[in-house]
Every structure is written in structure tokens, then in C-alpha cells.
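Student: could you look at this predicted model? Sequence included:
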Amino acid sequence: MLIENSNLEGMTSDLGHLDKESEKIGFVRWQWEYTRATYDLKFTNGTDEYFLRFNTRAIEGKLENPDAVLKIEHIYIGRATFPHGLDYESPVPENILKAAKGKLEELKQALA
């Protein structure tokens, strides 16, 4: 599920600051390469796991440099599938969606 109207899309931050602030909230930078990075936050609901994910792209510098400037792109939430992957089409329980939106608001405040 694509999360719209979070007011995070388009925000920019240097890599060092984004890593520090997102980690405080619980996000982990998993996938990354020189110009892109993906941050994930895990939620559980019984035996199901959901991941809140936001993508970033370097608009200045490369990710090996903490001064690189990243722009937040799309924000998604999906249910984890075995053996690996996310199902973005499955319905997300309301309590998980509410918690995810709360974490996005925390991130927005930290980056403002």
C-alpha cells in the first residue's frame, strides 16, 4: 500500500542526520547503493509482520558520504511474505496503519 499525504515525500536531509533521526524512531537502512537507500520499520500483528518502507535518492553526493543530501521519495507499507519480500496489496490492519502513520509524523518532525 502506498502511503500518501504524509508530507514526507520531497523532504531532504543529509545522510548522517537522516540515519541518526530515523534510527531513533526505529527505522533501519537496509538496502542501499551509491545513489539510493531504503529505510524499513517492522511492525508485528500476531504472526504477521508488516514493514513500513521509505525510499530515498541522493540528490547531492553519494551514500558513502554522511554529507550526501537525500530526498525522500515513496512511502509504502506491506505484509512480509516467505521466504522474503513484501506484499503491498494485502490489507493492513488499522492498528498497524495508525502506528505507522504516527512514526511517519515523528520522522517528519525530526527532519523539519
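Tutor: Great, that's in hand.

Student: what average pLDDT does the longest helix along the chain get?
Tutor: Scanning the chain for the longest helix, with DSSP state H as the assignment, gives helix 94-111. Computed over helix 94-111, the mean pLDDT rounds to 96.

Student: kindly report the same for stretch 44-53.
Tutor: 94.

Student: show me the contact partners of that stretch.
Tutor: With contact meaning Cβ atoms under 8 Å, 6 or more residues apart in numbering, stretch 44-53 is reached by 3, 27, 38-43, 75-80, 86, 92-93, 95-96, 100, 103-104. In short, each C-beta sits where N, CA and C put it, glycine included.

Student: next, the buried residues of that stretch.
Tutor: Going by neighbour count (16 or more other Cβ atoms under 10 Å), the buried part of stretch 44-53 is 50-53.

Student: gap between residue 79 and residue 96?
Tutor: Residue 79 is 9 Å from residue 96, where distance means Cβ to Cβ, to the nearest Å.

Student: likewise for residue 54?
Tutor: With distances taken as Cβ to Cβ, residue 54 is found 16 Å from residue 96.

Student: which one of the two has more residues nearby?
Tutor: More crowded of residue 54 and residue 96, by other Cβ atoms under 10 Å: residue 54, with 25 against 18.

Student: remind me which helix or strand that one belongs to.
Tutor: strand 48-60 (DSSP states H and E).

Student: partner strands of that strand and their direction?
Tutor: If you go by DSSP bridges, strand 48-60 pairs up with strand 36-45 (antiparallel), strand 69-80 (antiparallel).

Student: now do the contacts for the most centrally placed residue in the chain.
Tutor: Centroid check for the chain by Cα atoms, centre = their mean gives residue 54 as the closest residue, at 2.9 Å. Counting by Cβ under 8 Å, 6+ apart, residue 54 touches 8, 27, 38-39, 72-76.
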